[in-house]
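Colleague: only geometry, no sequence info:
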């Protein structure tokens, strides 16, 4: 289906809803295509093509809301889907906060974000790239004698959204990735580790040889890991693990968590949440970034803003419904966060190790022991024990615990080793005085 046809489909769906008596309506249609290849021990395990499409319609009769969807784009199916949404709406309870986002918040300008870079790749070429990554990992050390495989994925999405405010916007995005995970064995000791690269443009992926090499080296580094005794110590999170902490921060700052009063950061705008050297922004218009967008899922124009300034929380993440519930204004976060950027500190990773001195370097988290209401935090962890700023030995079978509010307040330093493989961009993070449960 051509772009013009997809736009016409969405426009026609909205008009069909209006003819059915809906006071307001919104529709979105998407077509997604992709190729995924996985190999293991030099053999192809899976080769998958993806071609999915969908159309969703939401209608409002007064403050009553109904939603329906279909994968059939025929006019008959569209009419049936609109009828279903209308029937649902007429049976639902009115909600005074429901409805489209405010008309004056609709995006009118669409910045060029450079997000669409299709990768014309044959299955044979995709297999070769995955095989290169796996071979590079297996060649790192003779002790790497097994593999969980290497994967290459390329994906393209074309979405169009429109509503009865007269708004229509489209977004074409691509997402490419390579990954590899291998297993090392020395005597009766075994470990696994992995590495990956993701990007909007295939040219921005790190070479598959490097993905494999890093996966192999990380695996060897973990061999002969041991437990440590229960204690309290400083903990240094690597960037990809630190990102999970900022994910908890986002969840606690969402409008839904606020109006449900189910967050440890309830009513925290204007409060000191992090130390004064911590600054966090949302930057939705970064070229080629994984979280970039010109408008959110309701058509509201995205904009750069401060989330945390000098450690103080400046605002929540709000779609229009949550904003109305809280008596606030949408922050264009219907559908998620658009590039949360943690301002990097001045220290590189080795300097962060020196700042840690003696303590725990966390490189992997296990389990989901986080209470979003109280902020209580307990996760299985693996990594390395550090002495005098130098990695001493690998560590496993431990648990780290604390409370997220205390952990955020106890941040001692932020690294400049920013990881850009997500819509949360941050470097390593050093936290003071966490509980470490071992033997």
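Modeller: Perfect, thanks for sending it. What you are looking at is a predicted structure, and each value in this text was computed from that prediction instead of being measured.
Colleague: Residue 211 falls within a helix, correct?
Modeller: Yes. Looking at residue 211 with DSSP: H, G, I helix; E, B strand; the rest coil, it is inside a helix.
Colleague: Quick one: neighbours of it, just the number.
Modeller: 28 (other Cβ atoms under 10 Å). Using the backbone N, CA and C atoms, a C-beta is placed for each residue, glycine as well.
Colleague: How about the contacts made by it?
Modeller: 133, 136, 150, 178-180, 195-197 (Cβ atoms under 8 Å, 6 or more residues apart in numbering).
Colleague: Determine which two of the residues you listed are furthest apart.
Modeller: Maximum pairwise distance in those, criterion Cβ to Cβ, is 13.5 Å, between 136 and 196.
Colleague: more crowded one of these two?
Modeller: Neighbours were tallied for residue 136 and for residue 196 using other Cβ under 10 Å; the higher tally belongs to residue 136 (22 against 19).
Colleague: Touching, that one and residue 217? I think so.
Modeller: No. Applying Cβ atoms under 8 Å, one finds residue 136 not in contact with residue 217, separated by 10.3 Å.
Colleague: Need the overlap of contacts for residue 136 and residue 196.
Modeller: 180, 211.
Colleague: what are the ranges of the helices in the stretch 151-300 of the chain?
Modeller: Using DSSP state H, counting those that start in this stretch, the helices of the stretch 151-300 of the chain run over 208-221, 239-253, 255-259.
Colleague: What are the phi and psi values at the closest residue to residue 374 other than its chain neighbours?
Modeller: Spatial nearest neighbour of residue 374, excluding adjacent residues (Cβ to Cβ, 6 or more residues apart in numbering): residue 264 at 5.8 Å. The phi and psi torsions at residue 264 (degrees, to the nearest 10) take the values phi -70, psi -10.
Colleague: who's in contact with residue 264?
Modeller: 252, 372-375, 403-405.
Colleague: Those residues in helices, which ones?
Modeller: Taking DSSP state H, the ones among the contacts of residue 264 that sit in helices are 252, 404-405.
Colleague: which one of those residues sits closest to residue 91?
Modeller: Looking across the ones in helices among the contacts of residue 264 and measuring by Cβ to Cβ, the closest to residue 91 is residue 252, at 34.2 Å.
Colleague: Let me see the backbone angles for residue 34.
Modeller: According to degrees, to the nearest 10, residue 34 has phi -170, psi 170.
Colleague: and it, how many neighbours does it have?
Modeller: 18.
Colleague: beta partners for it?
Modeller: residue 50, residue 155 (DSSP bridges).
Colleague: and what of the one 4 residues further on?
Modeller: Beta-bridge pairing of residue 38 under DSSP bridges involves residue 46, residue 151.
Colleague: What's the local residue count around it?
Modeller: Around residue 38 there are 20 residues (other Cβ under 10 Å).
Colleague: ditto for residue 267
Modeller: Quick note: residue 267 (other Cβ under 10 Å) scores 11 neighbours.
Colleague: Can you name the residues that contact it?
Modeller: Here residue 267 is in contact with residue 258 (criterion: Cβ under 8 Å, 6+ apart).
Colleague: how about a cut-off of 10 Å?
Modeller: 258, 261, 313, 326 (Cβ atoms under 10 Å, 6 or more residues apart in numbering).
Colleague: Nearest to residue 205 among those?
Modeller: residue 313 (35.3 Å).
Colleague: how close does that closest one sit to residue 235?
Modeller: Counting by Cβ to Cβ, to the nearest Å, the separation of residue 313 from residue 235 is 23 Å.
Colleague: Neighbour count for those two, which is higher?
Modeller: Shown here are residue 313 and residue 235; by other Cβ under 10 Å, residue 235 has more neighbours (26 against 23).
Colleague: roughly how far apart are the more buried one and residue 125?
Modeller: For residue 235, the distance to residue 125 - Cβ to Cβ - is 42 Å.
Colleague: Hmm, residue 301 and residue 108 touching each other?
Modeller: Yes. Residue 108 is in contact with residue 301 according to Cβ atoms under 10 Å; the separation is 7.0 Å.
Colleague: Those two: which has the busier surroundings?
Modeller: Here residue 108 and residue 301 are compared on neighbour count by other Cβ under 10 Å; more neighbours surround residue 301, at 20 against 9.
Colleague: so what's that one bridging to?
Modeller: residue 295.
Colleague: Starting from residue 180, give me the distance back to it.
Modeller: 40 Å.
Colleague: can you check residue 397 too?
Modeller: Residue 397 is 25 Å from residue 180, by Cβ to Cβ.
Colleague: who has more neighbours, those two?
Modeller: Shown here are residue 397 and residue 180; by other Cβ under 10 Å, residue 180 has more neighbours (32 against 15).
Colleague: hang on, the more buried one packs against residue 212?
Modeller: Yes. Using Cβ under 10 Å, residue 180 makes contact with residue 212 at a distance of 4.9 Å.
Colleague: So residue 60 sits against residue 18, correct?
Modeller: No. The criterion here is Cβ under 10 Å, and residue 60 misses it with residue 18 at 11.0 Å.
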